[in-house]
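A.B. asks: Predicted model follows, preceded by the sequence.
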Amino acid sequence: MHLGEIFLLLGGSLAITAFARWRGWPAPLLVMGVAFVVSVVPAIPEIDVDGELVLSLVLPPLLYSAALDVTYLNFRRSIRQIRRLGIGLPIATAFAVGAVVWLIAPSLGLPLALLIGAIVAPSDAVSAAAVGRRLGLPRRVMTVISGESLVNDATSITLFRTFAAIVAGATVTWLDGIGSFLVAVAVGTGFGLVIGWLVNVVRSRLDDPVILGTISLLVPFAAYAIAERLGGSGVLAVVAAGILIGYNAPKTGYATRQQERPLWQSIDVLLEGLVFALIGLQLSPAVMDVLSSPLGLGVNVGLALAVLATVIVVRIGWVFGGYAVSRRLGEWLAPVWARRGRRYRVEPRLEAKELAVISWAGMRGVVTLATATAIPTMADPTAGSTVFLIAFVVTIGTLLLQSTTLPTLIRRLGVVADDEREQDRKEIQAVLRRSGKAGLAYIESRRDEWRARFGAEHADSVIDRFEQRIRADAAKSRRLESDEESAATVSPAEFTELSRQWIAARRAVVLEERDAGHLNEEVMRELFFALDAEELALDSRTAVRSDARGEVA
């Protein structure tokens, strides 16, 4: 691909994504659909995509961005569910799909059938996480869904490379595959933690948002490339580094945090749009190859639909069955460990309706499509087109079937974070009280020092202003209870909208004064910076309230 073509793809996919977000439609499906229509235009040349290049350049930043948002403490509490769904489920899915493909089309061979299973095994939680945040899913459910999608990518890519080597003619035993998997996990995770630790050291000693933002852009590529070169999992290296850096992000300067979040959100939109556009452009020639396949179009389509049904059914059975077995095993082991003076942590309880949501959040996405383009060269090129068609149908099918019905399922089952809302309110009240007491204690400990340094009158004036802020925070804590009661009169969404209108009106006055020549341009920018900070604080409070209460304000 030429540089101009890449920019055309980026610009076109971004425009389609913007339109889809405005209309509330699934952006990946629309981008892929438009790209497919464009690909059938005779004047459009066929684009040859290097799948390994896509994995190396697109996957690391997408994984890193997702890992930065993972809550480490919640991740650790849910590690058993995440481990079962992120490692066990992809392996089970790969072998189940491989068996189905081999039974329906034995001419493809068992290694290629298992390769197809590895390609369609990983779920992509981007759509599910977006829906969950919008509808207020409990944090424990969001943690499992997001954590699973980070871990299962590493599992699936390791399986993919093992089966791809067999398809390409390499002699690989099952013992070799298990050994390479364990090495990939150990080296990848270890190296990712080292990278994360080094970056955190730099971030703690350097207060330059521009440099730190640039370092953040380089981290996922460096972690992925070096870990792969060392024989480890680049995916796990990126995930481990991202989680560690995200956990320590509050220790960095506020300017760095404000810059990184929108930066990575923009990168996510660009890269996801680019991948789905590339796949849409490749679909037309793949369909033409399938038409000339010895299997025939009917068998290929039937095979793809069978794989789609398999990945859905296996996920539902694994989520419910694995949870039931784990809970029973925990209840049996807990007293055994207690008699030995040790504590066995039973898996956190999940309700049946929460398990139903997790089992239905199995949409496929970027990893499935990217690995489908990275399959090894085979003697029969139509077999590669069959693999691509299956990956395409599974991705589109899960997005259409599950992504569009997941909001309805969540609403019908009533899976909301009701129990977390009250706990969040109590935690906020407690923190405001403790921070107020700490602030007053700090002021008193410095009163004499400040008086001697600035003079009694000026020091007392500053201290009075600090104490007023602390009293305002205390009053805010007391109002939290009444806010719940007054929500029926003025909802958070209404209050946020009124605040935005108030800020907009003040901006308009500043602009009028500038345009009339009564206000210097530099002064105008300073005033706008202050108003932007107010709106940023408003957006931050809205995001926190949305996460805590499950409302979209």
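C.D. replies: Perfect, I can see it now. Bear in mind the structure is a predicted one, so any value in this text is a computation, not a measurement.
A.B. asks: going forward, measure contacts and count neighbours with C-alpha atoms only.
C.D. replies: Noted.
A.B. asks: At which residues are the strands of the stretch 151-300 of the chain located?
C.D. replies: Using DSSP state E, counting those that start in this stretch, the stretch 151-300 of the chain contains no strands.
A.B. asks: show me where it has helices.
C.D. replies: For the stretch 151-300 of the chain, the helices defined by DSSP state H, counting those that start in this stretch cover 174-205, 209-229, 234-247, 254-291, 296-339.
A.B. asks: Deepest in the core, which of the ones you listed is it.
C.D. replies: Stretch with highest mean neighbour count among the helices of the stretch 151-300 of the chain: helix 234-247 (a mean of 28; mean count of other CA atoms under 10 Å).
A.B. asks: got the CA positions of that one in PDB?
C.D. replies: C-alpha atoms of helix 234-247 as PDB (Å, rounded to 0.1, in the frame of the first residue of the first chain):
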ATOM      1  CA  GLY A 234       4.200  -9.700  22.900                       C
ATOM      2  CA  VAL A 235       0.500  -9.400  23.700                       C
ATOM      3  CA  LEU A 236       1.100 -10.300  27.400                       C
ATOM      4  CA  ALA A 237       4.100  -7.900  27.600                       C
ATOM      5  CA  VAL A 238       1.900  -5.000  26.400                       C
ATOM      6  CA  VAL A 239      -0.900  -6.000  28.700                       C
ATOM      7  CA  ALA A 240       1.400  -6.400  31.800                       C
ATOM      8  CA  ALA A 241       3.100  -3.000  31.100                       C
ATOM      9  CA  GLY A 242      -0.200  -1.300  30.500                       C
ATOM     10  CA  ILE A 243      -1.800  -2.500  33.700                       C
ATOM     11  CA  LEU A 244       1.200  -1.600  35.800                       C
ATOM     12  CA  ILE A 245       1.500   1.900  34.200                       C
ATOM     13  CA  GLY A 246      -2.200   2.500  34.600                       C
ATOM     14  CA  TYR A 247      -2.100   1.500  38.200                       C
END
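A.B. asks: Need the contact partners of it.
C.D. replies: Outside helix 234-247, the residues within contact range by CA atoms under 8 Å, 6 or more residues apart in numbering are 60, 63-72, 150-151, 153-154, 185, 188-197, 199-200, 219-220, 223-228.
A.B. asks: Could you do stretch 12-22 as well?
C.D. replies: With contact meaning CA under 8 Å, 6+ apart, stretch 12-22 is reached by Pro26, Ala27, Pro28, Leu30, Val31, Val269, Leu270, Gly273, Leu274, Ala277.
A.B. asks: sorry, back to before: any chance of the helices of the stretch 151-300 of the chain in CSV, with mean pLDDT and distance to Pro42 too?
C.D. replies: Converted to CSV, the helices of the stretch 151-300 of the chain look like this (pLDDT from 0 to 100; distance: least, CA to CA, whole Å):
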stretch, mean pLDDT, distance to Pro42
helix 174-205, 87, 44
helix 209-229, 92, 37
helix 234-247, 90, 38
helix 254-291, 78, 11
helix 296-339, 87, 23
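A.B. asks: got TSV for these, with distance to Val100 too?
C.D. replies: As requested, those are exported to TSV (distance: least, CA to CA, whole Å):
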stretch	distance to Val100
helix 174-205	20
helix 209-229	31
helix 234-247	28
helix 254-291	19
helix 296-339	7
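A.B. asks: how about those helices, which one is nearest Ile6?
C.D. replies: Ranking those by proximity to Ile6 (CA to CA) places helix 254-291 first, at 8.4 Å.
A.B. asks: Relative to the whole chain's centre, how far out is the closest one?
C.D. replies: Distance of helix 254-291 from the chain centroid (CA atoms, centre = their mean, to the nearest Å) equals 14 Å.
A.B. asks: Does anything pack onto it? Which helices or strands?
C.D. replies: On a contact count with 3 or more CA pairs under 8 Å, 6 or more residues apart in numbering; DSSP states H and E, helix 254-291 meets helix 3-23, helix 27-39, helix 59-68, helix 209-229, helix 296-339, helix 366-372, helix 381-398.
A.B. asks: so which of the ones you listed gets nearest Ala165?
C.D. replies: Across the helices and strands packed on helix 254-291, Ala165 has its closest neighbour in helix 366-372 (13.5 Å, CA to CA).
A.B. asks: List the buried residues of stretch 149-161.
C.D. replies: The neighbour-count check on stretch 149-161 (16 or more other CA atoms under 10 Å) flags 149-161 as buried.
A.B. asks: Go through the residues you listed and name the one nearest Arg80.
C.D. replies: Lowest distance from Arg80 to the buried residues of stretch 149-161 (CA to CA) belongs to Val151, with 12.0 Å.
A.B. asks: Centre-most residue in this structure?
C.D. replies: In the chain, the centroid-proximal residue (CA atoms, centre = their mean) is Ala66; its distance is 3.4 Å.
A.B. asks: Now do stretch 457-474: distance to the chain's middle.
C.D. replies: 42 Å.
A.B. asks: now do stretch 355-372
C.D. replies: Going by CA atoms, centre = their mean, where stretch 355-372 is centred and where its chain is centred differ by 12 Å.
A.B. asks: Now it - C-alpha only, CSV.
C.D. replies: Extracted C-alpha coordinates of stretch 355-372, given in CSV (Å, rounded to 0.1, in the frame of the first residue of the first chain):
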residue,chain,number,x,y,z
LEU,A,355,-23.3,-14.9,33.9
ALA,A,356,-25.9,-14.6,31.1
VAL,A,357,-24.5,-11.1,30.2
ILE,A,358,-20.9,-12.4,30.2
SER,A,359,-21.8,-15.4,28.1
TRP,A,360,-23.5,-13.2,25.5
ALA,A,361,-20.6,-10.7,25.4
GLY,A,362,-18.5,-12.8,23.0
MET,A,363,-18.2,-10.5,20.0
ARG,A,364,-15.2,-11.1,17.8
GLY,A,365,-13.1,-8.2,16.4
VAL,A,366,-9.7,-6.9,15.4
VAL,A,367,-7.6,-9.9,16.5
THR,A,368,-9.7,-12.5,14.7
LEU,A,369,-9.6,-10.5,11.4
ALA,A,370,-5.9,-9.6,11.7
THR,A,371,-4.9,-13.2,12.3
ALA,A,372,-7.0,-14.3,9.4
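A.B. asks: What separation do you get for the residue nearest to Arg203 when sequence neighbours are not counted and Ala530?
C.D. replies: Spatial nearest neighbour of Arg203, chain neighbours left out: Thr252 (6.2 Å); criterion: CA to CA, 6 or more residues apart in numbering. To Ala530, Thr252 is 22 Å away according to CA to CA, to the nearest Å.
A.B. asks: of the two, who's got more company?
C.D. replies: Ranked by neighbour count (other CA atoms under 10 Å), Thr252 and Ala530 place Thr252 first, with 18 against 12.
A.B. asks: Please name whichever of the helices of the stretch 151-300 of the chain is nearest to Leu498.
C.D. replies: Among the helices of the stretch 151-300 of the chain, helix 254-291 sits nearest to Leu498 (CA to CA), with 23.8 Å.
A.B. asks: tell me the angle of that closest one relative to helix 3-23?
C.D. replies: Angle between the axes of helix 254-291 and helix 3-23 is 100 degrees (criterion: axes from the mean of the first three to the mean of the last three CA atoms, to 10 degrees).
A.B. asks: Can you tell me which of the helices and strands packed on helix 254-291 is nearest to Asp124?
C.D. replies: Nearest to Asp124, of all the helices and strands packed on helix 254-291, is helix 366-372, at 7.3 Å by CA to CA.
A.B. asks: Check the average confidence over the closest one, would you?
C.D. replies: The average pLDDT within helix 366-372 is 81.
A.B. asks: before we move on, what about stretch 13-29?
C.D. replies: 85.
A.B. asks: got the CA coordinates for that stretch in CSV?
C.D. replies: Provided in CSV are the C-alpha atoms of stretch 13-29 (Å, rounded to 0.1, in the frame of the first residue of the first chain):
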residue,chain,number,x,y,z
SER,A,13,-12.9,5.2,7.9
LEU,A,14,-12.8,8.1,10.3
ALA,A,15,-15.6,9.9,8.4
ILE,A,16,-17.8,6.7,8.4
THR,A,17,-17.0,6.1,12.1
ALA,A,18,-18.1,9.7,13.0
PHE,A,19,-21.3,9.2,11.1
ALA,A,20,-22.0,5.9,12.8
ARG,A,21,-21.4,7.3,16.2
TRP,A,22,-23.6,10.2,15.5
ARG,A,23,-26.4,7.8,14.4
GLY,A,24,-25.8,5.3,17.2
TRP,A,25,-24.9,2.5,14.8
PRO,A,26,-22.1,-0.1,15.2
ALA,A,27,-19.2,1.7,13.5
PRO,A,28,-17.1,-1.4,12.6
LEU,A,29,-20.0,-2.9,10.7
